[in-house]
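Chemist: build the 3D model from these lines:
(one chain, ligands or ions: 1)
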Amino acid sequence: MTDVLNTMVPDAEATAPAVLSVQGLTVGIGPRKAPKPIVTGISLDLVPGRIHGLAGESGSGKTVSSLAILGLLPANATVGGSITLFDADSNGAGPGGTELIGMRRRALNRIRGRRIAMIFQDPSSSLHPQLTVGSQLTDHVRTHLKLGREAARDRAIELLTRVRVPNPVEALGRYPHQFSGGQRQRIAIAIALACDPVVLLADEPTTALDVTVQAGILHLLRDLADERQLAVLLVTHDLGVMSAIADEVSVMRHGVIVETGPREQIFGAPQHAYTRELLESLPSAQGADTPSAIQKEAGR
Ligand SMILES: Nc1ncnc2c1ncn2[C@@H]1O[C@H](COP(=O)(O)OP(=O)(O)OP(=O)(O)O)[C@@H](O)[C@H]1O
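Modeler: From the prediction side, this is the model:
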């Protein structure tokens, strides 16, 4: 199985310190006096250059956890624990890092989209249908990086080139609906990368795409994590995707992380009964030894 999975993941390196650390995160949603517990005490570290997969069945709390990191939970959510960003470029980040829970909205807005970026399952949700790709990209970099018009356009072309959108100069003048789903996700990634974030949260980024296109996006995320030393949190229920790309994996169930470990351990020697159950439900994993379609594509 290991041979099959090694296609996209580099050898384990000495682990660098976390750039974002979640400790004992709890989220309840509902009336303040009696919120419904959704996430109950999860901890995980995001490390530069590493992809941390958050797996688990639907409703286990994966999305709520990533929204908590972004400070985007609904107003009736109660959040506890600690989410610390260790990033020299963030306002007020000392050696102890910046605590994001309870941070004032304006300060959080400066971090969100700039230091912590995100992409979602449906790239259209982060793209305005009536604005050209060029104006969306340049507006974003002009707002956050205070670049002039020409410099912002150059930056937009550079970003579209990096995420391999064909004909980047021409692409600037086109609207999101004029691109395929995979290309739209690449554009959403370009916007996410525009301000050189240190953390990228990717919530089911390939779920809506067909297998061949999925593999291309996963390759891109892997390359970006490596070359930009991006710390990536990859949220997906798809263990095939996880096994093709993640360095570390946390398995979540009913709001709790039941097991965390290196990819090889989770897929090769799972410790928790629920992880084993999930692996047994993988179509190809009536043996994990059989390469899934996505792994085959990704290994090309
Ligand atoms: N705004 C909300 N109000 C009330 N309950 C919510 C809200 N958002 C999420 N939940 C509940 O929190 C639980 C966890 O949801 P979450 O979306 O995090 O699951 P998930 O693991 O990401 O699942 P999926 O893979 O289906 O997206 C679910 O029971 C969901 O119904």
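
Chemist: go through the longest helix along the chain and flag the buried ones.
Modeler: In the chain, with assignment by DSSP state H, the single longest helix is helix 211-228. By neighbour count with 16 or more other C-beta atoms under 10 Å, helix 211-228 contains the buried residues 213-222, 224-225, 228. For the C-beta atoms, the positions are set from N, CA and C on the backbone; glycine is no exception.

Chemist: now flag whichever of these is closest to Leu73.
Modeler: When the buried residues of helix 211-228 are compared for distance to Leu73 (C-beta to C-beta), Leu221 wins out at 24.7 Å.

Chemist: and that closest one, how far from the ligand?
Modeler: 18 Å (C-beta to the nearest ligand atom, to the nearest Å).

Chemist: contacts for stretch 185-195?
Modeler: Residues outside stretch 185-195 that contact it (C-beta atoms under 8 Å, 6 or more residues apart in numbering): 113-115, 117-120, 123, 126-127, 133, 136-137, 140-141, 144-145, 155-156, 159-160, 162-165, 171, 176, 179, 200, 205-206, 209, 217, 220-221, 224, 228.

Chemist: and those, which of them are in helices?
Modeler: Among those, the members falling in helices (DSSP H) are 133, 136-137, 140-141, 144-145, 155-156, 159-160, 162, 171, 217, 220-221, 224, 228.

Chemist: any of those residues buried? List them.
Modeler: Neighbour-count burial (16+ other C-beta under 10 Å) applied to the ones in helices among the contacts of stretch 185-195 gives 133, 136-137, 140-141, 155-156, 159-160, 162, 171, 217, 220-221, 224, 228.

Chemist: the ligand contacts on the chain?
Modeler: Taking C-beta under 6 Å from any ligand atom as the contact definition, the chain meets the ligand at Ile29, Ile38, Gly56, Ser58, Gly59, Ser60, Gly61, Lys62, Thr63, Val64, Pro74, His237.

Chemist: so who does the first one touch?
Modeler: Listed by C-beta under 8 Å, 6+ apart, the contact partners of Ile29 are Pro35, Lys36, Ile38, Val64, Leu73, Pro74, Asn76, Ala77, Thr78.

Chemist: if we ignore the residues flanking it in sequence, what's nearest it?
Modeler: With sequence-adjacent residues excluded and distances taken as C-beta to C-beta, 6 or more residues apart in numbering, Ile29 is closest to Ala77, at 5.0 Å.

Chemist: quick one: secondary structure of Pro48?
Modeler: For Pro48, the assignment made with DSSP: H, G, I helix; E, B strand; the rest coil gives coil.

Chemist: pull the contacting residues for it.
Modeler: Contacts of Pro48 were listed using C-beta under 8 Å, 6+ apart, and they are Ala16, Val19, Val198, Gln229, Leu230, Ala231.

Chemist: give me the below-cutoff pLDDT ranges for this protein.
Modeler: Along the chain, segments meeting pLDDT under 70 span 1-15, 90-95, 283-300.

Chemist: alright, I will stop here.
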